[in-house]
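Enquirer: Quick one, fold the following:
(chains A and B)
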Amino acid sequence: MLTLLEQIDKGNLWRSPGGIHPPETKALTSQSEIQTLPLAKEYWVPVPGLQDTCTLKFNIGDRVLKGEQLTAGINPQYLPVHAPCSGTITAVKEIRANHPSGLPVISCIIESDDTQQQTNFEPIDLDAADTDTILDRIRLSGVAGLGGAAFPTHIKLNPSSDIELVIINGVECEPYITADDRLMQEHANEIQSGIEIIHRLLQPKRIIIAIEDNKPNAIQAMQRAVQQSQLPKKAVRVTSIPTKYPSGGEKQLIQIITGQEVPSGAIPAQLGIVMQNVGTAFAIHQAVNVGKPLIERVVTVTGNGVKAPGNYWVPVGTPLPHLIEHCGIIEQGQQLHKVIAGGPMMGHMLPGIDVPVVKGSNCFLVPGPDEIATESSEQACIRCGECAQVCPARLLPQQLFWHSKAKEYDKASSYNLRDCIECGSCSYVCPSDIPLVEYYRKAKAAIKLQTEEKAAAEQAKIHFEARLKRLEAEKQEREAKAKKAAEKRQASMSGNDKDKVAEAMARIKNKQAKLKPVDSEPKTDKKQNVAAAIARAKAKKAKQAEHRPHKGLETASQPTETKSSEESNIDIQLNGSNDKKAKVAAAIARAKAKKAQSSGGIQTSQNNSITNTPAAFGEANTDEASSKQAKIAAAVARAKAKKAKNSAKTVPDAETTHTGSSALAEPVVTSNASDKSTDFEEKEHKKARIAAAVARAKAKKTAADTAQPKKQISQVDVEPEGDEIESDAQTELPHLDSESKQTNNIDKQARVAAAVAKAKAKKQQNQLDEHPHHGTTTVETEDAAKQSAEQRKKARIAAAVAKAKAKKVSSQIDNGDAES
Amino acid sequence: MTFKIKSSPHISVQLQTGTVMQRVILCALPGLLAQIVCFGWGNLIQVILAISLAVGFEACILKLRNRPILISLKDYSAIVTGLLLGLALPPLAPWWLMAIGIAFAIVIVKHLYGGLGHNLFNPAMAAYVLLLVSFPVQMTSWVAPSNIALASPSLMETLQVIFELKALVVAQFSQGIDGVTMATPLDTFKTDLTMGLTSTEILAKPLFMNGVSQGWFYVNLAYLAGGIMMIKLKVIRWQISTAGIGSLAICSTLGFMFGPDTHPSPLIHLFSGATMIAAFFIATDPVTAATSNKGRLIFGAIIGILVYVIRTFGGYPDAFAFAVLLANLCAPFIDHYVRPKTYGHRINY
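Expert: Numbering: from 1, shown residues only, chains lettered A, B, ... in the order given. Predicted coordinates:
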C-alpha cells in the first residue's frame, strides 16, 4: 500500500464525482496578452468596516501616493487597503458594492493625478527575515485570495496545524475566464517565487501546482519555472488534471489530488492541506520580493458584448464603466444588456454597472444578445435525476429542491443542504429549467435566519428560567424564615402563662400568615390590614370583657410584618391589664404602626408590598427587600410595644388624661422605633424619607396652626428629623382616639373604623398617585408642594395627599360615629 | 442603469424535457417497426389511436386544471404515454379498450396525482393493468406472428376489427379460431405446463421455432437496440434497465438450471413478451423510478425479480406491468433510504 505522498508523486489522481463540461469559450481571450489599462479619472476603493474595524489614515483632500496604505486596522489581523493610484481623496461615501445584493459599501474616492508617484517599495531580504516578518509583510500588503473568495492570505499561511501539502490552484475551470492561464504563461517565474515563499512559511512536504489539461501552454510555462526553482526536487510538481467543471473548487481539487474529502464544516488545514490560487502566489511574490502591495490584478473582460475581450492589469478600485468602455461595448440597442461579475457558472449578475473592481474580481462577462439563454420559465420536475448525476458534492439536488420549494427547511437540512457549493451544475443540466441554485440560496438564507432566531429564543429562555429560579429561591427563603419565626414564637408562647385569647389570636395570625405569602398582592395586603384591624378590635373587646391579669408576653423576634405588628398590639393589650391608660397607649402605638405603614405605602405609591414601617419607603420597591422590611417592622413594633407597656405602668389613669399620656408616650416610642429603623434607612432612600417627613411635618404644622392646635403637634415640631416619620404617624390617631373617646367612648369601634378608612385611603391614594394634583388639595398639600425641593417631589405630594385623605375620611367617620 | 438580476448559473445545457421525450419516441420507433413486421398493422393503428386520444385527454384535463395547454403539450409526455400503451395493447384490441386505458392513464393516474412529475405510478402500466384485470379476454389474445400465422389481417381488416365496423370480421379475428390470434409465447408456455407438457414438447411448437419466441424475438431485439441508443443519448441511465434485465437473467438461468423441463430458458424470458420494451422504455420512466444511482439499481433489480416470480408462479403472464407498478410503490422508500454519502460526510475521519 502506497502512502498518499507516494501516490501523489506517482501522479495518481482521483475522481471527483459529478461535474459537467460546459462549452469552454476561453478562446475569446486566451490568446491575448495581459494589457495595461489607461489611467481612470477616479478610483473607488471600497473600505468595508470603516469606523468599525478600521480607521482612515487620511482626510478628505489629502494627497496619497500609489501603493500607500489607506486604512489602519483596529484588529491586528486587519487586512489594509491601499491606494491604487496617486491622487487626492475627494470623498468617502457609499457606493454600490460589487456584490449580488448591490448594497452600498463605504468607499474612498481617489481622484488620480498624472504623476503616478508611488511609495517606496521595499523588498524583504528573505535570507534574513523570519516568518513573522514575512507574514506581516503579506498582511500589510493586503494580500487576499485572488481565486474569488478574497480570504486574507496571511491567515491561511499561518495555520495552527502542520501542513503536509500545498496545492497551488491554477485549474480555472469556469468557462470564459483566462486570467490565471495568462498569468501563468507570462509570469511563471514570479509565481514560482511566490510558491517558494509559501514553502518557506509552511514547510510542506509537497507542493502541487494543479492545472487543467486544457491549458497546455500554462502547464509548460509552470513546468519550466519549477525546473529552475531552488526548491528541492520532488518538493514541487505541476500536475495536469482532466478538464471538468467544477474541478477548481477547493474541495473538489483536494479530492482530485489526494482522494480525501474535507469533512463537512471543516477547513482543508485540518487535513494538513492549504490551497492558494496562482494569482495569490504572484501577489505574495510582489509583496515580499518587490514590496508592492496588492493594488492591481489580472481581470478577464470577455463575452461577445465587448469589442476587445482580453486580459488586463486592473487596479483594485477601478470603476467598472472605465474598464468596459476601454474594451468597447458592442451596441445593443443603446444600452448595455447585462454584466456578469465572475464566470457564467458561479458569477453574479451585477445590479448595475457602477461598481468598482475588487480583489476577488477575476472576470467580467459582457454577453452578446445571443450568448446567454433567454429566461425560460420553470417547468415541472420530472425527477430525471440528472442533477444528482452532476452534483460534485454527491447531494440529491432534486430532493433539496422539493424541500426548499415547500419550505421544509429541516428536511432540506437533513439532505445536507449546507454542503452545497452552489456550483450551478444541477441548474445547468436541468431539462425543466429549474433555477435550483436560487432555491438553495433562499433556503440557506432562511435556515440561517431560523437558526439565529432559535439561538436568540434559546438565550431568552435560559434567562427567563434563571429568573424564575431565582425568584422561587427567594420565595422559599422568605417562607422558610417566616416559618422559623412562627415556630419560635409559638415555642416562646407555650413556655409562658398565656391566656386563651392570646392563643386564639396567635392561631388566627398563623393561619393568616400561611394563607398569605409575605409578598402578597396589593389587594390581599389591604384586606389583611383590615382583617387585622378587626381582629385586634375584637381581641380588645374580649379582653375588656374578661379583665384578666396576665404576665408580659414580650416575644423575642417577630419578623413578618403583619404578624409582628398585630402580635405586638395584642401583647400591648394583654400587658395593659385593666389599666385603661395602657390601653390608650397601646392604641396609640398601633395607630403609629399603622400610620407608618400607610405613609410607607404613600411613598412607594403603586408598590404594594406589605410595609408596616417607614423603612419600607424605598425598599418596598423590590421583592428582595421585603424580608428586610419585615425585620425592621418587627423591630419597630417590638420597640413600640415595650414602650407602650412601660408607659402603661407609669401612667395610671388614661380615661381622664389620655391626651397627655399619649403625648408623653409617643415621643419616646417613636424615637425608639426610629432609632432602629434608621440603621436601614440611612442606607436607602434616606433623603427621600427625610424630605417626605419634613414635608409632612410642615403640612401638619400648618394644618394644626390653622385648624386644631394640639399638644402633639408641638411635640412633633421639636422632634429631630429622623423621628418625624413616627411623629407624623402619631399625630393623627391619638388625636382621633381622644376625640372619639371624649365624645362617645366607643374608641374601639372608632379605631376599627379608622383602620378600615385608612385601608380605603391607601387604595385611593394608589389611584391618585399618578395624578398628585388631581385629588382634593388641602392647605397641607399645597404647603407641602410649595416647600418641597427638587428631589422626590412627586412622592412627597402623594404622601401628603394620602395623609390628608386618610385624615379626612377618619374624621368623617369619627363625626359619623359621634352623631350616631 | 439597473439590470435584471438572475441567479447563477447563467448558461444551461439546451436540453428540454420535450427534447428528452422526443428522443424516447425516436428510440421506440425500431420496436414499432418490428411489431408491424411481425404482427401486422394493428399496433401502428393502436399507437396512432392512443396518441390522438392521449393528446385529446391531456388537453382537456389541462384546460380543466387551468394550465397552459400548448406549453404542457410540448413536453411530449402525453404522447409518450400514448405510444407506450399503443405498443403494449394487443394489435387487434377494440378501440374502446384503448379509450378506457388512455383516459385512465392521463386523467386519473397522471393528472389527478398532480400532473407531470407528481404521479406515483407509471400511467401506461397502470392503465395496462386496469385493462388486463377488467378485460382479460381482449387483453390476452395477441395476433399470431405473421410468419407462422394461417392468415394475417390486412390493413382494412385490422381497422374494421379495431373499430368494430363489421361484426363478422370482428368475430372472425377476435376469437382466434383460424390461428389469426393466439396466446403470447409465455402464456402458451404456462398454459401448456399446466396441461402436463414438458418444456421440450412446448418448445417443439411452431411458436418456439429455433428455441426462441417467434416474432417476439425480433421485436425485443429492436427494443434492445432502441434502449442502447437511449443510453448512448443519455436519455436514460443504464442502471434500471441493466439491473432489471440482469436480475431477470440470473433468476431465469437459476430456474432453468434446476428445472429445465418446467422452466423456459433465459433466452425466452429475455426475448419474449414485454421484457425489452419494459426494461428500457417503461421501467426507466424517471418520474416513477428511484433517482439515485444505487437506488436505480435496486429499483431495476426489484422489477427483474418480480417479473420472474410473477411469470413463474403468478396467475397473469404479463408480469412486467405488475412488477413495474409494485416497484413504483417502492421508489419513494428506496429514495429515502438509499442516499449517496455527501461530500465531507464519510466517517473515516
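Enquirer: For the residue lying closest to residue A:187 once chain neighbours are set aside, pull up the helix or strand it's in.
Expert: Leaving aside its chain neighbours, residue A:187 sits nearest to residue A:282 (5.8 Å; criterion: Cβ to Cβ, 6 or more residues apart in numbering or on different chains). Any C-beta I mention is one placed from the backbone N, CA and C, and that applies to glycine too. Using DSSP states H and E, residue A:282 sits in helix A:278-285.
Enquirer: can you list the domains in the chain?
Expert: With no chain named, the answer covers chain A. In the domain annotation for chain A, the residue ranges read A:4-38+A:124-341, A:373-495, A:496-819 (automatic domain parsing).
Enquirer: You answered for a different chain; I wanted chain B.
Expert: Taken from automatic domain parsing, chain B resolves into B:16-182, B:185-213+B:237-335.
Enquirer: which one of those lies closest to residue A:146?
Expert: domain B:185-213+B:237-335 (36.7 Å; Cβ to Cβ).
Enquirer: does that closest one come close to chain A?
Expert: Yes - contact of domain B:185-213+B:237-335 with chain A (Cβ under 8 Å from any Cβ of the partner chain) involves B:237, B:286, B:287, B:289, B:291, B:292, B:293, B:296, B:335.
Enquirer: Using a markdown table, lay out the residues you listed together with pLDDT.
Expert: Compiled in a markdown table, these are given as follows (pLDDT from 0 to 100):
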| residue | pLDDT |
| --- | --- |
| B:237 | 90 |
| B:286 | 90 |
| B:287 | 91 |
| B:289 | 92 |
| B:291 | 87 |
| B:292 | 87 |
| B:293 | 89 |
| B:296 | 94 |
| B:335 | 90 |
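Enquirer: Just the ones of those in helices?
Expert: Here DSSP state H is the test, and the residues of domain B:185-213+B:237-335 next to chain A give B:293, B:296, B:335 as lying in helices.
Enquirer: and which of the residues you listed is nearest residue B:39?
Expert: For those, the nearest to residue B:39 is residue B:296 (31.5 Å; Cβ to Cβ).
Enquirer: correct me, but the closest one touches residue B:241?
Expert: No - using Cβ atoms under 8 Å, residue B:296 is not in contact with residue B:241, being 9.3 Å away.
Enquirer: what's the closest of the domains of chain B to residue A:260?
Expert: Among those, domain B:185-213+B:237-335 sits nearest to residue A:260 (Cβ to Cβ), with 22.1 Å.
Enquirer: Can you check the distance spanned by that closest one, start to finish?
Expert: 36 Å (Cα to Cα, to the nearest Å).
Enquirer: so after the helix ranked longest in chain A, what's the next helix or strand?
Expert: What stands out as the longest helix in chain A, according to DSSP H, is helix A:436-495. Later in the chain than helix A:436-495, the nearest helix or strand by DSSP H and E is helix A:500-515.
Enquirer: What is that following helix packed up against?
Expert: Helix A:500-515 is packed against helix A:436-495, helix A:522-546, helix A:561-575, with contacts defined by 3 or more Cβ pairs under 8 Å, 6 or more residues apart in numbering or on different chains; DSSP states H and E.
Enquirer: and the angle from the longest one to helix A:500-515?
Expert: The directions of helix A:436-495 and helix A:500-515 differ by 170 degrees, with axes from the mean of the first three to the mean of the last three Cα atoms, to 10 degrees as the criterion.
Enquirer: quick one: the strands in the stretch 151-300 of chain B?
Expert: In the stretch 151-300 of chain B, the strands defined using DSSP state E, counting those that start in this stretch lie at B:181-182.
Enquirer: quick one: the helices in it?
Expert: Ranges of helices in the stretch 151-300 of chain B, per DSSP state H, counting those that start in this stretch, are B:155-162, B:167-174, B:185-194, B:199-203, B:216-232, B:238-258, B:266-270, B:275-277, B:293-313.
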